[in-house]
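Engineer: fold the stuff below for me.
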Amino acid sequence: MAAKVEKTNEEIFRQMEETSIKLMEEFKIQDSTSKSRGYICGGGFTYKLVPVGQPAPDDDSLVYTTQPQGCDPEAGMVECVLQNSAAKKELVEYPGYPAPIPREADSPASCPYRIVEIPSKGLGMVAARDLHFGELIISERPLMITPQRTIHSIKWMDSATPRQKQEAVYFESEKIHKVALERMEPEDKEAYMQLYNSHKHDGSGPIVGISRTNAYGVFALQGDEYGGVFKDASRINHSCSPNTFRHFDRLSLSMQMYAVREIKEGEEITAHYCDPLSPYAARRKALKPYGIRCDCPACLNPAKSDKIRYRISCVKDAIPAIVKWAGNPKLPDDLLLGPSLELLKLMEDEGLQASKAYERVLYHLFLIYSALTIIGTYELSEMNIYQHKWIQLQTFRLCTREDACVQLLTDAMQVGFAAQRRSEVTMKDEPKCD
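Structural biologist: Below you'll find the predicted structure:
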């Protein structure tokens, strides 16, 4: 049997370019009928052959590029459709790009999740073992990254109807996505096409429909928002009380998802597709295009949950108030502690540990306990609980531990100085024993 000959990168990319050009010729034939659909041509859909290793032309042609180049290829490559060459330049010249995918240094060999059938939801993700707060569940590059906005440069005929315009946009978008799909490796292409499509009846083509159903927002380039479709992460179902926090790392072109609370083996792993703090009616409207009727506890009892979530959405930065309280000996020691602990428990009961408001209250509690430690009311261990948890949440956002500690120390010093003055005033006012 003849040995398999591995293709060089140049050969692979040349084949991808030839596939793209062949599709362009096919689309030109399809474009000859565009007039009957209410528009003159697929404006903006210009593709130019760019030799491997050379920069894209400095114009507004769409750029198809496989990224990241030369870094961690075993973790997968991403087919990117970028609005223009300036967008590619911004992507590849980002400081530190490209970088390997972040992974847990001490993670076990076994995968922490499984893709299984979820009753009434189709395929979804469940925990393969018990997962703990802060544990990295998945670190994955997208199969495809494309612009999230619709094509804006189609030349409409005066007779074009709103329906024709919508169909034309979907038709042109399908062509753009098809080029990227055909550039993929066969197994990646198959994985993409097996994802769920909730847009089969609104004029979307199958490739665009899958993108509209499964894409997560990833980054912005030149003011345009982009979305990524993933093999496994796009299988994660929605919950208004998600048990994960996600962050897209632009340096490695990968999505990380972390557990924000304990997840038992076999429990479904969930993410949010809309703002969890929005009222039930707004969440239901946002989820309708996905064909989702959420059955989480918040959606089963919206009359109660809406009030709680509105209260949580009103949480603001309380650092000035904490500093003022810490330095005023006339104010009770537990003035801010009780309400903050109550609010934190409310968030945990509602399953909102992934919200920014939860981080904020954790931070407030750290500062409050740091002041109470100086005053002498509490031990250092109480403060450390909230400090550790807040720093862990910052690392989810790929904020360095050093940066998080600098912010924490700056605010803690401000509160600490106020608390120290409070202690000195209190001691001075205490009656002396004879």
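Engineer: can you list the domains in the protein?
Structural biologist: 9-271, 315-429 (automatic domain parsing).
Engineer: which of those domains has the lowest mean pLDDT?
Structural biologist: Across these, domain 9-271 has the smallest mean pLDDT, namely a mean of 85.
Engineer: residues near G266, how many?
Structural biologist: As a burial measure, G266 scores 12 neighbours (other C-beta atoms under 10 Å). No exception for glycine: its C-beta is placed from N, CA and C like everyone else's.
Engineer: grab the nearest non-local neighbour of it.
Structural biologist: Spatial nearest neighbour of G266, chain neighbours left out: V126 (5.7 Å); criterion: C-beta to C-beta, 6 or more residues apart in numbering.
Engineer: so the one you found sits right up against T270, yeah?
Structural biologist: No - in this structure, V126 is not within contact of T270 by C-beta atoms under 8 Å, at 10.1 Å.
Engineer: isn't C80 right up against R141?
Structural biologist: No - between C80 and R141 there is no contact under C-beta under 8 Å: 10.8 Å.
Engineer: show me what contacts P302?
Structural biologist: With contact set as C-beta atoms under 8 Å, 6 or more residues apart in numbering, P302 has these partners: 279-281.
Engineer: which of those fall in helices?
Structural biologist: The members of those that map onto helices under DSSP state H are 280-281.
Engineer: can you select the buried ones from the contacts of P302 in ChimeraX?
Structural biologist: In ChimeraX, a selection of the buried entries from those looks like this (16 or more other C-beta atoms under 10 Å):
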select :279,280
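Engineer: so P112 versus S120, what's the distance?
Structural biologist: Distance, P112 to S120, by C-beta to C-beta, to the nearest Å: 24 Å.
Engineer: these two - which one has more neighbours?
Structural biologist: Neighbour count, other C-beta under 10 Å: between P112 and S120, P112 has more, with 21 against 6.
Engineer: what about the closest residue in space to I137 that isn't next to it in sequence, which SS state?
Structural biologist: Leaving aside its sequence neighbours, I137 sits nearest to M257 (C-beta to C-beta, 6+ apart; 4.9 Å). Using DSSP: H, G, I helix; E, B strand; the rest coil, the structure places M257 in strand.
Engineer: just to revisit the earlier point, more neighbours, V126 and T270?
Structural biologist: T270 (22 against 17).
Engineer: can you give me the neighbour number for the residue nearest to I137?
Structural biologist: Neighbours of M257 under the rule other C-beta under 10 Å: 26.
Engineer: before we move on, what about the one 10 residues further on?
Structural biologist: Counted with other C-beta under 10 Å, the neighbours of E267 add up to 13.
Engineer: my read is that it contacts V126, right?
Structural biologist: Yes - E267 is within contact range of V126, at 6.4 Å (criterion: C-beta under 8 Å).
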